[in-house]
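Chemist: no sequence on hand, only this structure:
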(Lines give C-alpha, C1' and ligand atoms only; values in the text may rest on other atoms or scores of the structure.)
Protein backbone atom coordinates (compact mmCIF):
# COMPACT_ATOMS: atom_id res chain seq x y z
CA UNK A 1 0.00 0.00 0.00
CA UNK A 2 1.89 3.02 -1.27
CA UNK A 3 0.15 6.30 -0.47
CA UNK A 4 -0.05 9.11 -2.99
CA UNK A 5 0.24 12.57 -1.49
CA UNK A 6 -1.97 15.25 -3.02
CA UNK A 7 0.03 18.47 -3.19
CA UNK A 8 -3.05 20.68 -2.95
CA UNK A 9 -4.18 19.64 0.52
CA UNK A 10 -1.36 17.38 1.78
CA UNK A 11 -3.79 14.47 1.84
CA UNK A 12 -2.62 10.90 1.53
CA UNK A 13 -4.72 8.79 -0.81
CA UNK A 14 -4.69 5.03 -1.37
CA UNK A 15 -6.85 3.41 -4.05
CA UNK A 16 -7.75 -0.28 -4.06
CA UNK A 17 -9.32 -2.15 -6.98
CA UNK A 18 -10.71 -5.47 -5.79
CA UNK A 19 -12.64 -8.22 -7.56
CA UNK A 20 -16.25 -8.61 -6.46
CA UNK A 21 -15.48 -11.72 -4.40
CA UNK A 22 -15.81 -12.26 -0.67
CA UNK A 23 -12.30 -13.73 -0.43
CA UNK A 24 -10.82 -10.30 -1.29
CA UNK A 25 -12.54 -8.49 1.58
CA UNK A 26 -9.65 -9.42 3.87
CA UNK A 27 -7.44 -7.14 1.76
CA UNK A 28 -9.94 -4.31 2.17
CA UNK A 29 -10.16 -4.82 5.94
CA UNK A 30 -6.39 -4.95 6.45
CA UNK A 31 -5.86 -1.92 4.21
CA UNK A 32 -8.35 0.10 6.27
CA UNK A 33 -6.64 -0.91 9.53
CA UNK A 34 -3.17 -0.06 8.18
CA UNK A 35 -4.34 3.25 6.70
CA UNK A 36 -6.06 4.24 9.95
CA UNK A 37 -2.85 3.52 11.87
CA UNK A 38 -0.97 5.88 9.53
CA UNK A 39 -3.69 8.49 10.13
CA UNK A 40 -3.36 8.01 13.91
CA UNK A 41 -6.94 6.87 14.46
CA UNK A 42 -7.37 4.92 17.69
CA UNK A 43 -7.59 1.15 17.36
CA UNK A 44 -11.24 1.33 18.43
CA UNK A 45 -12.17 3.86 15.74
CA UNK A 46 -10.13 1.96 13.16
CA UNK A 47 -12.03 -1.24 14.02
CA UNK A 48 -15.35 0.58 13.64
CA UNK A 49 -14.36 1.88 10.21
CA UNK A 50 -13.05 -1.56 9.24
CA UNK A 51 -16.41 -3.14 10.14
CA UNK A 52 -18.34 -0.47 8.21
CA UNK A 53 -16.20 -0.98 5.09
CA UNK A 54 -16.48 -4.78 5.35
CA UNK A 55 -20.26 -4.62 5.69
CA UNK A 56 -20.56 -2.18 2.78
CA UNK A 57 -18.38 -4.33 0.51
CA UNK A 58 -20.27 -7.49 1.53
CA UNK A 59 -23.53 -5.73 0.66
CA UNK A 60 -22.15 -4.73 -2.74
CA UNK A 61 -21.22 -8.31 -3.57
CA UNK A 62 -24.44 -9.83 -2.23
CA UNK A 63 -27.03 -7.24 -3.20
CA UNK A 64 -25.59 -4.92 -5.86
CA UNK A 65 -23.92 -7.68 -7.88
CA UNK A 66 -26.26 -10.49 -6.82
CA UNK A 67 -23.35 -12.67 -5.71
CA UNK A 68 -19.69 -13.05 -6.48
CA UNK A 69 -18.54 -11.83 -9.89
CA UNK A 70 -16.71 -14.61 -11.69
CA UNK A 71 -15.78 -12.90 -14.97
CA UNK A 72 -13.69 -10.12 -13.43
CA UNK A 73 -15.56 -7.37 -15.27
CA UNK A 74 -16.96 -5.71 -12.17
CA UNK A 75 -15.41 -5.11 -8.85
CA UNK A 76 -15.11 -2.72 -5.98
CA UNK A 77 -12.98 0.40 -5.88
CA UNK A 78 -12.06 1.76 -2.46
CA UNK A 79 -10.42 5.16 -2.07
CA UNK A 80 -8.93 5.89 1.34
CA UNK A 81 -8.11 9.55 2.01
CA UNK A 82 -6.38 10.94 5.06
CA UNK A 83 -7.86 14.35 5.88
CA UNK A 84 -6.41 16.68 8.54
CA UNK A 85 -8.95 15.50 11.12
CA UNK A 86 -10.47 12.33 9.65
CA UNK A 87 -10.22 9.35 7.35
CA UNK A 88 -12.57 9.33 4.37
CA UNK A 89 -13.44 6.11 2.56
CA UNK A 90 -15.24 6.13 -0.77
CA UNK A 91 -16.50 2.78 -2.03
CA UNK A 92 -17.55 2.50 -5.68
CA UNK A 93 -19.34 -0.28 -7.56
CA UNK A 94 -21.16 -0.63 -10.88
CA UNK A 95 -23.87 -2.99 -9.72
CA UNK A 96 -27.53 -2.38 -9.11
CA UNK A 97 -27.81 0.58 -6.77
CA UNK A 98 -30.38 0.76 -4.04
CA UNK A 99 -32.92 3.42 -3.22
CA UNK A 100 -31.58 4.80 0.05
CA UNK A 101 -34.78 6.77 0.67
CA UNK A 102 -36.86 3.58 0.61
CA UNK A 103 -34.29 1.50 2.50
CA UNK A 104 -33.86 3.18 5.87
CA UNK A 105 -31.61 1.57 8.48
CA UNK A 106 -33.54 -0.76 10.79
CA UNK A 107 -33.12 0.25 14.46
CA UNK A 108 -32.02 -2.70 16.65
CA UNK A 109 -35.21 -2.62 18.76
CA UNK A 110 -37.35 -3.03 15.63
CA UNK A 111 -35.01 -5.77 14.44
CA UNK A 112 -35.49 -7.67 17.72
CA UNK A 113 -39.25 -7.06 17.93
CA UNK A 114 -39.76 -8.40 14.39
CA UNK A 115 -37.49 -11.42 15.02
CA UNK A 116 -35.46 -10.54 11.94
CA UNK A 117 -32.33 -12.53 11.15
CA UNK A 118 -30.93 -10.03 8.65
CA UNK A 119 -31.12 -6.33 8.00
CA UNK A 120 -28.81 -4.54 10.44
CA UNK A 121 -26.17 -3.76 7.81
CA UNK A 122 -27.17 -0.18 7.01
CA UNK A 123 -27.71 0.58 10.68
CA UNK A 124 -24.29 -0.85 11.55
CA UNK A 125 -22.53 1.08 8.81
CA UNK A 126 -24.08 4.40 9.77
CA UNK A 127 -23.52 3.75 13.50
CA UNK A 128 -19.81 3.00 13.10
CA UNK A 129 -18.92 6.22 11.25
CA UNK A 130 -19.34 9.95 11.79
CA UNK A 131 -20.64 10.64 8.27
CA UNK A 132 -22.31 8.32 5.79
CA UNK A 133 -23.60 9.37 2.36
CA UNK A 134 -24.72 7.28 -0.62
CA UNK A 135 -24.95 8.42 -4.22
CA UNK A 136 -26.49 6.14 -6.80
CA UNK A 137 -25.53 5.86 -10.48
CA UNK A 138 -22.81 8.51 -10.69
CA UNK A 139 -20.37 8.56 -13.62
CA UNK A 140 -18.04 6.56 -11.38
CA UNK A 141 -20.76 4.11 -10.33
CA UNK A 142 -22.59 3.89 -7.04
CA UNK A 143 -20.64 5.58 -4.25
CA UNK A 144 -20.79 5.16 -0.50
CA UNK A 145 -18.79 7.81 1.35
CA UNK A 146 -17.81 7.14 4.95
CA UNK A 147 -15.95 9.55 7.24
CA UNK A 148 -14.42 8.69 10.60
CA UNK A 149 -12.99 11.61 12.57
CA UNK A 150 -9.76 11.35 14.53
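Modeler: Received, thanks. Remember, predicted model here, so these are calculated numbers, not experimental data. Numbers count the residues shown, from 1 in each chain.
Chemist: can we go C-alpha only for contacts and neighbour counts from here?
Modeler: Will do.
Chemist: can you list the neighbours in contact with stretch 72-86?
Modeler: 11-21, 28, 32, 35, 39, 57, 69, 87-95, 147-150 (CA atoms under 8 Å, 6 or more residues apart in numbering).
Chemist: skipping adjacent residues, who's closest to the residue nearest the centre of the chain in space?
Modeler: Nearest residue to the geometric centre of the chain (CA atoms, centre = their mean): residue 53, 3.3 Å. Once flanking residues are discounted, residue 53 sits nearest to residue 29: 7.2 Å by CA to CA, 6 or more residues apart in numbering.
Chemist: so after the helix or strand bottoming out on mean pLDDT in the chain, what's the next helix or strand?
Modeler: In the chain, the helix or strand scored least confidently by mean pLDDT, DSSP states H and E is strand 4-6, which has a mean of 50. Next helix or strand after strand 4-6 toward the C-terminus (DSSP states H and E): strand 11-19.
Chemist: immediately after that next one, which helix or strand?
Modeler: Counting by DSSP H and E, the element after strand 11-19 in chain order, helix or strand, is helix 25-38.
Chemist: check which helices and strands the helix or strand just after that following helix sits against.
Modeler: Sequence order places helix 43-59 as the next helix or strand after helix 25-38, per DSSP H and E. Contacts defined by 3 or more CA pairs under 8 Å, 6 or more residues apart in numbering; DSSP states H and E place helix 43-59 against helix 25-38, helix 121-128.
Chemist: and the last one, what's buried?
Modeler: For helix 121-128, a neighbour-count test (16 or more other CA atoms under 10 Å) marks 121-122, 124-126, 128 as buried.
Chemist: beyond it, next helix or strand please.
Modeler: Moving toward the C-terminus from helix 121-128, the next helix or strand (DSSP H and E) is strand 131-138.
Chemist: show me what the mean pLDDT comes to for that next one.
Modeler: Mean pLDDT, strand 131-138: 90.
Chemist: residues in contact with the helix or strand just after that strand?
Modeler: Per DSSP H and E, strand 131-138 leads on to strand 141-149 as the next helix or strand towards the C-terminus. Residues outside strand 141-149 that contact it (CA under 8 Å, 6+ apart): 41, 45, 49, 85-95, 97, 129-137.
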